[in-house]
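Asks: Turn this into a model:
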Amino acid sequence: MKSFPSLNKTIKYYHILVLLVFAGLLQSCTDTATTKVRMPATELYQKAMVAFEDEFYLEALKNFEILIEEHSGTRLATLSHLKMGDLYFLQNKWEEAESSYRRFLLLNPRTHLTPYTLNRLIALNYERNIYGLFVKSRDYDRNMEPNRTLIREYQRFYLLFPQSPYLEDVQAYQSRALGDLAEHELHVANYYFEKKSYHSAIGRYLYLLKHYPSFPRTSQVAERLIEAYRLNQQPELADEMQKVLETLRERKLLAQLTMSEE
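Replies: Numbers count the residues shown, from 1 in each chain. Purely as a prediction, here's the structure:
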(Lines give C-alpha, C1' and ligand atoms only; values in the text may rest on other atoms or scores of the structure.)
Protein backbone atom coordinates (compact mmCIF):
# COMPACT_ATOMS: atom_id res chain seq x y z
CA MET A 1 0.00 0.00 0.00
CA LYS A 2 2.84 2.39 0.73
CA SER A 3 4.18 2.01 -2.77
CA PHE A 4 1.17 3.66 -4.44
CA PRO A 5 2.00 7.29 -3.44
CA SER A 6 5.49 6.82 -4.79
CA LEU A 7 4.11 5.45 -8.05
CA ASN A 8 1.67 8.35 -8.38
CA LYS A 9 4.46 10.80 -7.77
CA THR A 10 6.56 9.18 -10.47
CA ILE A 11 3.68 9.33 -12.94
CA LYS A 12 3.13 13.01 -12.08
CA TYR A 13 6.79 13.84 -12.76
CA TYR A 14 6.61 11.86 -15.99
CA HIS A 15 3.64 13.92 -17.17
CA ILE A 16 5.46 17.14 -16.37
CA LEU A 17 8.53 15.93 -18.25
CA VAL A 18 6.43 15.05 -21.29
CA LEU A 19 4.80 18.49 -21.28
CA LEU A 20 8.16 20.22 -21.06
CA VAL A 21 9.58 18.18 -23.93
CA PHE A 22 6.44 18.87 -26.01
CA ALA A 23 6.67 22.59 -25.31
CA GLY A 24 10.32 22.59 -26.31
CA LEU A 25 9.57 20.79 -29.56
CA LEU A 26 6.70 23.20 -30.29
CA GLN A 27 8.96 26.21 -29.70
CA SER A 28 11.61 24.65 -31.92
CA CYS A 29 9.08 24.13 -34.70
CA THR A 30 7.84 27.70 -34.31
CA ASP A 31 11.37 29.10 -34.51
CA THR A 32 12.06 26.95 -37.56
CA ALA A 33 8.87 28.13 -39.25
CA THR A 34 9.72 31.75 -38.48
CA THR A 35 13.21 31.29 -39.87
CA LYS A 36 11.82 29.78 -43.04
CA VAL A 37 9.29 32.59 -43.54
CA ARG A 38 11.84 35.37 -43.07
CA MET A 39 13.05 36.45 -46.52
CA PRO A 40 16.54 37.87 -47.25
CA ALA A 41 16.74 41.65 -47.55
CA THR A 42 17.90 41.55 -51.19
CA GLU A 43 14.98 39.35 -52.21
CA LEU A 44 12.48 41.54 -50.38
CA TYR A 45 13.90 44.67 -51.99
CA GLN A 46 13.79 43.12 -55.46
CA LYS A 47 10.17 42.04 -54.95
CA ALA A 48 9.26 45.53 -53.76
CA MET A 49 10.97 47.21 -56.71
CA VAL A 50 9.33 44.90 -59.27
CA ALA A 51 5.93 45.67 -57.73
CA PHE A 52 6.79 49.38 -57.70
CA GLU A 53 7.77 49.43 -61.37
CA ASP A 54 4.62 47.48 -62.28
CA GLU A 55 2.57 50.04 -60.30
CA PHE A 56 1.39 47.52 -57.70
CA TYR A 57 1.94 50.12 -55.02
CA LEU A 58 0.27 48.34 -52.11
CA GLU A 59 2.38 45.23 -52.65
CA ALA A 60 5.53 47.33 -53.00
CA LEU A 61 4.74 49.25 -49.82
CA LYS A 62 4.11 46.03 -47.89
CA ASN A 63 7.47 44.57 -48.92
CA PHE A 64 9.34 47.77 -48.09
CA GLU A 65 7.71 47.82 -44.65
CA ILE A 66 8.61 44.18 -43.99
CA LEU A 67 12.18 44.86 -45.07
CA ILE A 68 12.44 47.82 -42.71
CA GLU A 69 10.98 45.81 -39.82
CA GLU A 70 12.96 42.60 -40.30
CA HIS A 71 16.26 44.05 -41.50
CA SER A 72 16.40 47.32 -39.58
CA GLY A 73 19.69 49.17 -39.84
CA THR A 74 20.77 47.61 -43.12
CA ARG A 75 21.54 49.61 -46.25
CA LEU A 76 18.49 48.29 -48.08
CA ALA A 77 16.20 49.03 -45.15
CA THR A 78 17.41 52.63 -45.14
CA LEU A 79 17.03 52.87 -48.91
CA SER A 80 13.47 51.56 -48.55
CA HIS A 81 12.49 54.80 -46.80
CA LEU A 82 13.54 56.72 -49.91
CA LYS A 83 11.61 54.42 -52.24
CA MET A 84 8.55 54.65 -49.99
CA GLY A 85 8.82 58.41 -50.29
CA ASP A 86 8.79 58.10 -54.08
CA LEU A 87 5.83 55.72 -53.88
CA TYR A 88 3.80 58.07 -51.69
CA PHE A 89 4.78 60.99 -53.95
CA LEU A 90 3.25 59.24 -56.96
CA GLN A 91 0.05 58.73 -54.96
CA ASN A 92 -0.10 62.41 -53.91
CA LYS A 93 0.23 61.40 -50.25
CA TRP A 94 2.34 64.39 -49.35
CA GLU A 95 2.57 63.97 -45.57
CA GLU A 96 3.64 60.33 -45.86
CA ALA A 97 6.11 61.17 -48.63
CA GLU A 98 7.73 63.95 -46.63
CA SER A 99 7.99 61.74 -43.54
CA SER A 100 9.68 58.96 -45.53
CA TYR A 101 12.13 61.31 -47.25
CA ARG A 102 13.13 62.98 -44.00
CA ARG A 103 13.50 59.60 -42.30
CA PHE A 104 15.87 58.54 -45.08
CA LEU A 105 17.99 61.68 -44.65
CA LEU A 106 18.05 61.21 -40.87
CA LEU A 107 19.27 57.62 -41.16
CA ASN A 108 21.73 58.36 -43.96
CA PRO A 109 22.94 62.00 -43.65
CA ARG A 110 26.05 61.53 -45.82
CA THR A 111 24.38 59.80 -48.75
CA HIS A 112 25.08 60.85 -52.33
CA LEU A 113 21.29 60.76 -52.79
CA THR A 114 20.77 63.84 -50.59
CA PRO A 115 20.38 66.24 -53.58
CA TYR A 116 17.73 63.98 -55.12
CA THR A 117 15.87 63.70 -51.81
CA LEU A 118 15.90 67.45 -51.20
CA ASN A 119 14.69 67.95 -54.77
CA ARG A 120 11.73 65.66 -54.04
CA LEU A 121 10.96 67.54 -50.82
CA ILE A 122 10.89 70.81 -52.71
CA ALA A 123 8.67 69.31 -55.41
CA LEU A 124 6.14 67.91 -52.95
CA ASN A 125 5.93 71.18 -51.04
CA TYR A 126 4.92 72.82 -54.29
CA GLU A 127 2.55 70.10 -55.49
CA ARG A 128 0.74 69.81 -52.15
CA ASN A 129 -0.46 73.39 -52.57
CA ILE A 130 -2.38 72.66 -55.78
CA TYR A 131 -6.10 72.24 -55.23
CA GLY A 132 -8.95 70.75 -57.22
CA LEU A 133 -9.99 67.17 -57.87
CA PHE A 134 -10.38 67.34 -61.65
CA VAL A 135 -9.12 70.79 -62.61
CA LYS A 136 -5.94 71.65 -60.72
CA SER A 137 -5.41 75.28 -59.80
CA ARG A 138 -3.64 77.57 -57.34
CA ASP A 139 -5.98 79.13 -54.79
CA TYR A 140 -4.18 82.21 -53.58
CA ASP A 141 -6.44 82.71 -50.58
CA ARG A 142 -5.30 79.32 -49.24
CA ASN A 143 -2.37 78.52 -46.96
CA MET A 144 0.91 79.72 -48.50
CA GLU A 145 3.18 78.09 -45.91
CA PRO A 146 4.21 75.23 -48.27
CA ASN A 147 5.59 77.85 -50.67
CA ARG A 148 7.56 79.50 -47.88
CA THR A 149 8.90 76.10 -46.84
CA LEU A 150 9.88 75.45 -50.45
CA ILE A 151 11.87 78.67 -50.64
CA ARG A 152 13.72 77.79 -47.43
CA GLU A 153 14.48 74.35 -48.85
CA TYR A 154 15.72 75.96 -52.06
CA GLN A 155 18.10 78.22 -50.15
CA ARG A 156 19.47 75.23 -48.27
CA PHE A 157 19.84 73.25 -51.49
CA TYR A 158 21.65 76.08 -53.27
CA LEU A 159 24.12 76.52 -50.41
CA LEU A 160 24.89 72.80 -50.16
CA PHE A 161 24.77 71.72 -53.81
CA PRO A 162 25.41 74.67 -56.14
CA GLN A 163 26.70 72.31 -58.88
CA SER A 164 23.96 69.69 -58.60
CA PRO A 165 22.21 68.50 -61.80
CA TYR A 166 18.95 68.95 -59.91
CA LEU A 167 19.56 72.67 -59.36
CA GLU A 168 17.68 73.70 -62.50
CA ASP A 169 14.57 71.79 -61.40
CA VAL A 170 14.80 73.27 -57.92
CA GLN A 171 15.15 76.80 -59.31
CA ALA A 172 12.03 76.27 -61.42
CA TYR A 173 10.03 75.31 -58.34
CA GLN A 174 11.47 78.23 -56.40
CA SER A 175 10.44 80.62 -59.17
CA ARG A 176 6.91 79.21 -59.18
CA ALA A 177 6.70 79.48 -55.40
CA LEU A 178 7.77 83.13 -55.51
CA GLY A 179 5.16 83.77 -58.18
CA ASP A 180 2.48 82.12 -56.06
CA LEU A 181 3.42 84.19 -53.01
CA ALA A 182 3.28 87.36 -55.12
CA GLU A 183 -0.15 86.35 -56.43
CA HIS A 184 -1.26 85.77 -52.86
CA GLU A 185 -0.13 89.25 -51.84
CA LEU A 186 -1.97 90.74 -54.83
CA HIS A 187 -5.10 88.77 -53.97
CA VAL A 188 -5.07 90.09 -50.38
CA ALA A 189 -4.26 93.64 -51.49
CA ASN A 190 -7.14 93.64 -53.97
CA TYR A 191 -9.44 92.29 -51.26
CA TYR A 192 -8.60 95.25 -49.02
CA PHE A 193 -8.98 97.62 -51.95
CA GLU A 194 -12.46 96.32 -52.76
CA LYS A 195 -13.42 96.64 -49.09
CA LYS A 196 -12.21 100.27 -49.24
CA SER A 197 -9.54 99.55 -46.65
CA TYR A 198 -7.09 101.60 -48.66
CA HIS A 199 -4.42 101.92 -45.98
CA SER A 200 -4.13 98.11 -45.70
CA ALA A 201 -4.23 97.75 -49.49
CA ILE A 202 -1.41 100.27 -49.88
CA GLY A 203 0.73 98.31 -47.42
CA ARG A 204 0.21 95.09 -49.37
CA TYR A 205 0.90 96.68 -52.76
CA LEU A 206 4.11 98.23 -51.46
CA TYR A 207 5.20 94.91 -49.91
CA LEU A 208 4.60 93.14 -53.22
CA LEU A 209 6.61 95.69 -55.21
CA LYS A 210 9.50 95.58 -52.74
CA HIS A 211 9.81 91.82 -52.19
CA TYR A 212 8.77 90.47 -55.59
CA PRO A 213 10.45 92.73 -58.19
CA SER A 214 10.26 89.99 -60.84
CA PHE A 215 6.48 89.79 -60.66
CA PRO A 216 5.31 90.09 -64.30
CA ARG A 217 2.40 92.45 -63.56
CA THR A 218 4.38 95.06 -61.67
CA SER A 219 2.94 97.91 -63.75
CA GLN A 220 -0.62 96.89 -62.90
CA VAL A 221 0.27 96.73 -59.22
CA ALA A 222 1.79 100.21 -59.38
CA GLU A 223 -1.31 101.57 -61.10
CA ARG A 224 -3.53 100.10 -58.41
CA LEU A 225 -1.25 101.54 -55.75
CA ILE A 226 -1.54 105.01 -57.31
CA GLU A 227 -5.32 104.67 -57.32
CA ALA A 228 -5.29 103.55 -53.68
CA TYR A 229 -3.16 106.57 -52.72
CA ARG A 230 -5.63 108.96 -54.38
CA LEU A 231 -8.65 107.31 -52.76
CA ASN A 232 -6.84 107.44 -49.42
CA GLN A 233 -6.36 111.20 -49.80
CA GLN A 234 -2.62 110.99 -50.43
CA PRO A 235 -2.22 112.81 -53.78
CA GLU A 236 1.46 113.65 -53.25
CA LEU A 237 2.42 110.00 -52.88
CA ALA A 238 0.20 109.15 -55.85
CA ASP A 239 2.00 111.71 -58.03
CA GLU A 240 5.39 110.48 -56.87
CA MET A 241 4.52 106.86 -57.70
CA GLN A 242 3.15 107.99 -61.08
CA LYS A 243 6.53 109.53 -61.94
CA VAL A 244 8.32 106.32 -60.88
CA LEU A 245 5.99 104.25 -63.04
CA GLU A 246 6.51 106.47 -66.09
CA THR A 247 10.29 106.30 -65.62
CA LEU A 248 10.19 102.50 -65.44
CA ARG A 249 8.08 102.33 -68.58
CA GLU A 250 10.50 104.60 -70.44
CA ARG A 251 13.44 102.43 -69.39
CA LYS A 252 11.63 99.29 -70.45
CA LEU A 253 10.77 100.82 -73.82
CA LEU A 254 14.38 101.95 -74.29
CA ALA A 255 15.65 98.46 -73.46
CA GLN A 256 13.28 96.93 -75.97
CA LEU A 257 14.38 99.36 -78.67
CA THR A 258 18.05 98.63 -77.95
CA MET A 259 17.47 94.89 -78.21
CA SER A 260 15.62 95.23 -81.49
CA GLU A 261 18.45 97.31 -82.99
CA GLU A 262 20.98 94.65 -81.99
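
Asks: Okay, now the unreliable bits of the stretch 101-250 of the chain?
Replies: For the stretch 101-250 of the chain, residues meeting the criterion pLDDT under 70 lie at 130-143.

Asks: where does Ser72 land in three-state SS?
Replies: The local conformation at Ser72, judged by DSSP: H, G, I helix; E, B strand; the rest coil, is coil.

Asks: That one: how many residues sit nearby?
Replies: Using other CB atoms under 10 Å, Ser72 has 10 neighbouring residues. All C-beta spots, glycine's among them, are computed from the backbone N, C-alpha and C.

Asks: Make 51 the starting number, not 1.
Replies: I'll keep to 51 as the first residue from here, and by that count the last item is Ser122.

Asks: what sits against it?
Replies: If a contact means CB atoms under 8 Å, 6 or more residues apart in numbering, then Ser122 has no contacts.

Asks: What are the buried residues along the helix or strand where Ala101 lies?
Replies: Assigning secondary structure by DSSP states H and E places Ala101 in helix 91-103. Neighbour-count burial for helix 91-103, counted by 16 or more other CB atoms under 10 Å, picks out 91, 94-95, 97-98, 101-102.

Asks: Check stretch 135-152 too.
Replies: Of the residues in stretch 135-152, 135-139, 143-144, 146-148, 150-151 count as buried by neighbour count, 16+ other CB under 10 Å.

Asks: on that earlier part again, pLDDT and distance to Ile118 for the buried residues of helix 91-103 - can I get that in TSV?
Replies: Shown next, in TSV, are those (pLDDT from 0 to 100; distance: CB to CB, whole Å):
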residue	pLDDT	distance to Ile118
Ala91	92	10
Leu94	93	10
Tyr95	95	11
Lys97	94	14
Ala98	95	10
Ala101	94	15
Phe102	94	15
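
Asks: I'd like those residues as JSON lines, with distance to Leu108 appended.
Replies: Output for those, formatted as JSON lines (distance: CB to CB, whole Å):
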{"residue": "Ala91", "distance to Leu108": "20"}
{"residue": "Leu94", "distance to Leu108": "15"}
{"residue": "Tyr95", "distance to Leu108": "17"}
{"residue": "Lys97", "distance to Leu108": "13"}
{"residue": "Ala98", "distance to Leu108": "11"}
{"residue": "Ala101", "distance to Leu108": "8"}
{"residue": "Phe102", "distance to Leu108": "11"}
